[in-house]
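Student: A predicted structure for the sequence below; I have some questions about it.
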Amino acid sequence: MNLAEQYRETLKNKQKIVVKIGTRVITLATGEPDLNQLKRLSDQVAALHVMGHDMLMVSSGAVGAGMEALGMKTRPVHVPDLQMCAAVGQAQLMALYDHFFKPHQIKIGQVLLTHNDFHHKKRFASAKRTMRNMIENRVVPIINENDVVTDEELQAAMSLGDNDYLASRVVNLVNADMLIVVSTVDGVLDGDGTRVPFIDKVEAAYKFIDPNLGGTGLSKGGMQSKLDAARRALKSGCTVVIANGRTERILLDIVAGKDIGTLLVDSELNGEKKE
């Protein structure tokens with residue numbers, strides 16, 4: 001068994017798992033929610049929850065859902081319009097998640113966070129305590145940036161990378177064992193567009209980034225932000241997998257240790273002080 005296979009085998013035993021879902025994974029080209037995708041991912045998170053894993057979701061898609069509800073064809077430019085979309089869309093998104101988790105008899109809870117929550121001692125402690133209590137009571141937290149009261153993610157100059165940054169901070173907040181980042185690519189791709197299955201030094205992964213492959217009009221992420229998030233998560237002692245969220249059984253297969261997506265570890269970060 002080679003090193004990659006050894007690491008894959010350990011994924012079966014990861015207890016606390018954060019799943020970060022990008023906008024394009026759960027929306028159609030028009031921006032409206034892709035109900036089939038929402039159900040498929042919700043069913044997999046529910047199945048892992050039933051298996052005994054502690055599941056947390058960091059879900060984008062609120063702005064896109066709000067655009068669809070408000071009849072907007074293109075992403076607004078002005079921050080107040082984006083915040084309005086987020087306010088309308090977040091309610092719709094949570095209602096959809098509730099609908100898809102209800103058949104599994106699983107309760108979900110909305111958690112909206114801002115940058116300040118991670119840098120203010122009392123807010124950080126409160127968020128940590130709340131999510132710990134949700135997990136202990138078998139409630140699945142569904143986390144998003146609180147775009148209504150903060151505009152860091154919405155402004156391109158201060159983009160959080162379509163919640164990639166937020167996911168990495170949640171990893172630290174709850175001491176997660178694994179971060180699964182699902183996007184619309186099969187993982188980190190080499191120059192020929194072939195999936196790189198295993199990266200044991202995260203810094204080396206940056207050479208694969210195509211500067212032309214960034215976010216779209218609906219999403220703000222790209223591989224750069226995903227690798228940045230992976231590096232922060234790795235420093236917290238968390239294993240990271242980047243994979244295609246539109247692949248059948250993607251979450252179940254990752255946790256089962258199958259060779260899918262890109263598994264990132266980093267021996268060079270071992271022993272570094274956690275952020």
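Tutor: Good, I have the coordinates.

Student: now the end-to-end length of stretch 115-123.
Tutor: 10 Å (C-alpha to C-alpha, to the nearest Å).

Student: Show the residue spans covered by the strands in the stretch 1-150 of the chain.
Tutor: Ranges of strands within the stretch 1-150 of the chain are 16-21, 54-59, 107-113, 139-145, based on DSSP state E, counting those that start in this stretch.

Student: Reformat these into TSV and put distance to Met1, mean pLDDT and mean neighbour count next to each item.
Tutor: Yep, even glycine has a C-beta here, placed from its N, CA and C like the rest. Formatted as TSV, the strands of the stretch 1-150 of the chain follow (distance: least, C-beta to C-beta, whole Å; pLDDT from 0 to 100; neighbours: other C-beta atoms under 10 Å):
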stretch	distance to Met1	mean pLDDT	mean neighbour count
strand 16-21	23	98	25
strand 54-59	27	97	25
strand 107-113	38	95	18
strand 139-145	33	95	23
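
Student: which one of these lies closest to Tyr206?
Tutor: strand 16-21 (19.1 Å; C-beta to C-beta).

Student: who does that closest one pair up with?
Tutor: strand 54-59 (parallel), strand 178-183 (parallel) (DSSP bridges).

Student: chain center to it: distance?
Tutor: Distance of strand 16-21 from its chain centroid, counting by C-alpha atoms, centre = their mean, to the nearest Å, is 6 Å.

Student: Next, the angle strand 139-145 makes with it.
Tutor: 40 degrees (axes from the mean of the first three to the mean of the last three C-alpha atoms, to 10 degrees).

Student: Show me the shaky parts of the stretch 101-250 of the chain.
Tutor: Scanning the stretch 101-250 of the chain for pLDDT under 70 picks out the ranges 150-162, 210-221.

Student: And the helices in this structure, which stretches?
Tutor: 3-10, 35-51, 62-69, 79-101, 115-119, 121-136, 164-174, 202-205, 223-235, 250-255 (DSSP state H).

Student: Dump the strands paired with strand 16-21 into JSON lines; add distance to Ala86 as well.
Tutor: As requested, these are exported to JSON lines (distance: least, C-beta to C-beta, whole Å):
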{"stretch": "strand 54-59", "distance to Ala86": "12"}
{"stretch": "strand 178-183", "distance to Ala86": "20"}
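
Student: Now Asn172: closest residue in space that isn't a chain neighbour?
Tutor: Ser236 (4.7 Å; C-beta to C-beta, 6 or more residues apart in numbering).

Student: tally of neighbours for the one you found?
Tutor: Here the number of neighbours of Ser236 (other C-beta atoms under 10 Å) works out to 20.

Student: in terms of contact, does it touch Val174 like I think?
Tutor: No: Ser236 lies out of contact with Val174 (C-beta atoms under 8 Å); the separation is 9.9 Å.

Student: related to what we said a few turns ago, how far away is the residue nearest to Asn172 from His53?
Tutor: 18 Å (C-beta to C-beta, to the nearest Å).

Student: Also Asn137?
Tutor: 15 Å.

Student: Please apply the same query to Lys12.
Tutor: 10 Å.

Student: Give me the common contacts of these two.
Tutor: The contact sets of Lys12 and His53 overlap at Val255 (C-beta atoms under 8 Å, 6 or more residues apart in numbering).

Student: between those two, who's got more neighbours?
Tutor: His53 (19 against 10).

Student: Quick check: the more buried one touching Val19?
Tutor: No: here His53 lies out of contact with Val19, judged by C-beta under 8 Å, at a distance of 10.2 Å.

Student: residue contacts, the closest residue to Phe198 other than its chain neighbours?
Tutor: Nearest non-adjacent residue to Phe198, counting by C-beta to C-beta, 6+ apart: Ala4, 3.8 Å away. Residues counted as contacts of Ala4 (C-beta under 8 Å, 6+ apart) are 197-198, 259, 263.
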